[in-house]
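A.B. asks: build me a model from this:
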Amino acid sequence: MGLLERFLRFGEEHDLISREHRTLLAVSGGRDSVLMVHLFAKAKLPFGIAHCNFQLRGQHADADEELVRNLAAEMEVPLFVKRFDTIAYAKKQGISIEMAARALRYEWFEQIRSDQHYRYIALAHHQNDSVETVLLNLTRGTGIAGLHGILPKRGVLIRPLLFLTREEVTQTVLERNLVYREDESNFSTDYLRNKIRLEVVPRLKAINPSLERTFQENSRRFEEMETLLKNYSEQLRKKLFVETTSNTYQIELKALQELKPLRTLLYELFRPYQFLPEVLDDLVSIWQNDNRTGKQFFSDSYKLLVDRENLILQKKEPVDLPHQFLQPNQAVICQGFHLTVKLVEKPVKMNEFGKVAVDADKLLFPLLVRSWQEGDWFKPLGMKGKKKLSDFFISLKISRFHKKEIPLLVNGNGDIVWVVPHRMDDRYKITDKTKKVAILECI
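C.D. replies: Got it, this is the predicted structure:
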């Protein structure tokens, strides 16, 4: 069976591809993503290309971007390129550069997918990536979900190359003389995933040369086990969780204590409510305590209260941010950050997370800082039409609870100028007619 036929069969088997909808391909310029582009083109599937330049590798990153631009031009498909100040974002969020790049990448991909009406986002992971993910999860500790590795489809994310091994990808691009870029950081063992790929996997393949195929078969079994556990947990939840009022449930402690295996089922029962495993371990540890009544445990959006013979599960209600007014060259403190407005004469272009430049002549001071309200809408930068903020938050995977925590910077005429720090309104962007600029910053 030829490569294209295998690609199409895998895509159809997992409902990944269709000529009826467009797919956004995440293309780094490496061999995996370049091969994915050529397969989509060969199959005559409609697609666009998105490329992130994280500005971490100097001229190497610029060379990657140039290759992707040339590839998109050759294929005559839509291209989206964005440069990120990844280091500044990582510092602001207090996370690693790797986590920052991942967050920036997926948020931007989803933004394009939603705004430009693509059906899926295609990532060029192959079987070896899945093997490495399982081994990485095992070293850190995991449940069944971490044992099945990377799935072909999860939500709007698809992996149409999971039928291939790394060796097959390399062999194909060499045989077809496909031009690609090699990321030199892939050979550094400073990163745990690279250490697993370069040092651990070769030893395992020496024991089992068909390692990738074995892991793929295991993945299918673990995925089926996860489905069984999920279905059983849903049945238990319907039986044990008694809704007393809206978003409040009463759960009999004795019934929970009789579950076996206790911790596994407890984790699955409370998974939809975002309680960490450590919190549930603490819950179990106080069950035998005579002073357990009144103890409380929290997730981001729920709380658990121990009340004599029952647990009370209750949704925390989102709280509006206090209204604050912002004048030029002043600052307000919101959610632990300083929001500032600075007026400058010279038009500038911004390329830094948490900072935007807008047309100052369109601003009516004072600006208002507030939370989301029902019916809010704006025109996201780069879009022609308007979008409900509730839909925008969904595209960013921001929950109903957390969207109340996102500051909105509102003009004196009621327009939302900036969804801080995610997106500004297209109506306030700098144009050739702009005379005065306002720098809005969240630090």
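A.B. asks: when you work out contacts or count neighbours from here on, use the C-alpha atoms and nothing else.
C.D. replies: Fine.
A.B. asks: quick one: the strands in the stretch 1-150 of the chain?
C.D. replies: For the stretch 1-150 of the chain, applying DSSP state E, counting those that start in this stretch gives strands covering 23-26, 47-53, 79-83, 120-122.
A.B. asks: which residues does the longest one contact?
C.D. replies: What it means is strand 47-53. 22-28, 40, 61-62, 65, 68, 72, 77-84, 105, 109 (C-alpha atoms under 8 Å, 6 or more residues apart in numbering).
A.B. asks: coming back round to it: same list (the strands of the stretch 1-150 of the chain) but as JSON lines, adding distance to residue 388 and mean neighbour count.
C.D. replies: What follows is the strands of the stretch 1-150 of the chain, written out as JSON lines (distance: least, C-alpha to C-alpha, whole Å; neighbours: other C-alpha atoms under 10 Å):
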{"stretch": "strand 23-26", "distance to residue 388": "23", "mean neighbour count": "25"}
{"stretch": "strand 47-53", "distance to residue 388": "24", "mean neighbour count": "22"}
{"stretch": "strand 79-83", "distance to residue 388": "23", "mean neighbour count": "15"}
{"stretch": "strand 120-122", "distance to residue 388": "21", "mean neighbour count": "26"}
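A.B. asks: residue 398 is nearest to which of those strands?
C.D. replies: Proximity to residue 398 (C-alpha to C-alpha) singles out strand 120-122 among the strands of the stretch 1-150 of the chain, at 18.4 Å.
A.B. asks: by contact count, what packs against the closest one?
C.D. replies: strand 23-26, helix 97-116, strand 157-158 (3 or more C-alpha pairs under 8 Å, 6 or more residues apart in numbering; DSSP states H and E).
A.B. asks: quick check, residue 217 in a helix?
C.D. replies: Yes - Residue 217: assigned to a helix according to DSSP: H, G, I helix; E, B strand; the rest coil.
A.B. asks: nearest residue to the middle of the protein?
C.D. replies: By C-alpha atoms, centre = their mean, the mean C-alpha position of the chain lies nearest to residue 106, the distance being 4.5 Å.
A.B. asks: and the pLDDT at that one?
C.D. replies: You'll see residue 106 listed with a pLDDT of 94.
A.B. asks: phi, psi of residue 256?
C.D. replies: Main-chain dihedrals, residue 256, degrees, to the nearest 10: phi -70, psi -40.
A.B. asks: same deal with the one 3 residues further on?
C.D. replies: Main-chain dihedrals, residue 259, degrees, to the nearest 10: phi -70, psi 140.
A.B. asks: any idea how far it is from residue 342?
C.D. replies: Taking C-alpha to C-alpha, to the nearest Å as the measure, residue 259 and residue 342 are separated by 59 Å.
A.B. asks: go on, residue 116?
C.D. replies: 32 Å.
A.B. asks: do residue 128 as well
C.D. replies: Taking C-alpha to C-alpha, one finds residue 128 at 50 Å from residue 342.
A.B. asks: same check, this time on residue 232
C.D. replies: 56 Å.
A.B. asks: next: residue 413.
C.D. replies: In terms of C-alpha to C-alpha, residue 413 sits 19 Å off from residue 342.
A.B. asks: do the same with residue 330
C.D. replies: For residue 330, the distance to residue 342 - C-alpha to C-alpha - is 8 Å.
A.B. asks: which secondary element of this protein has the worst mean pLDDT?
C.D. replies: Least confident helix or strand of the chain, by mean pLDDT, DSSP states H and E, is helix 400-403 with a mean of 74.
A.B. asks: all strands for the stretch 201-350 of the chain, in order.
C.D. replies: Under DSSP E, counting those that start in this stretch, the stretch 201-350 of the chain gives strands at 242-245, 248-252, 296-298, 302-307, 310-315, 324-326, 331-334, 337-344.
A.B. asks: on the strand side of things, show who residue 298 bridges to.
C.D. replies: When bridges are called by DSSP bridges, residue 298 pairs up with residue 303.
A.B. asks: okay, now it: neighbour count?
C.D. replies: 19 (other C-alpha atoms under 10 Å).
A.B. asks: in stretch 17-33, which residues are buried?
C.D. replies: Of the residues in stretch 17-33, 17, 22-33 count as buried by neighbour count, 16 or more other C-alpha atoms under 10 Å.
A.B. asks: these into a markdown table, with extra columns for distance to residue 276 and pLDDT?
C.D. replies: Formatted as a markdown table, the buried residues of stretch 17-33 follow (distance: C-alpha to C-alpha, whole Å; pLDDT from 0 to 100):
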| residue | distance to residue 276 | pLDDT |
| --- | --- | --- |
| 17 | 36 | 92 |
| 22 | 37 | 97 |
| 23 | 34 | 98 |
| 24 | 33 | 98 |
| 25 | 33 | 99 |
| 26 | 31 | 98 |
| 27 | 34 | 98 |
| 28 | 34 | 97 |
| 29 | 37 | 97 |
| 30 | 36 | 96 |
| 31 | 38 | 97 |
| 32 | 35 | 98 |
| 33 | 35 | 98 |
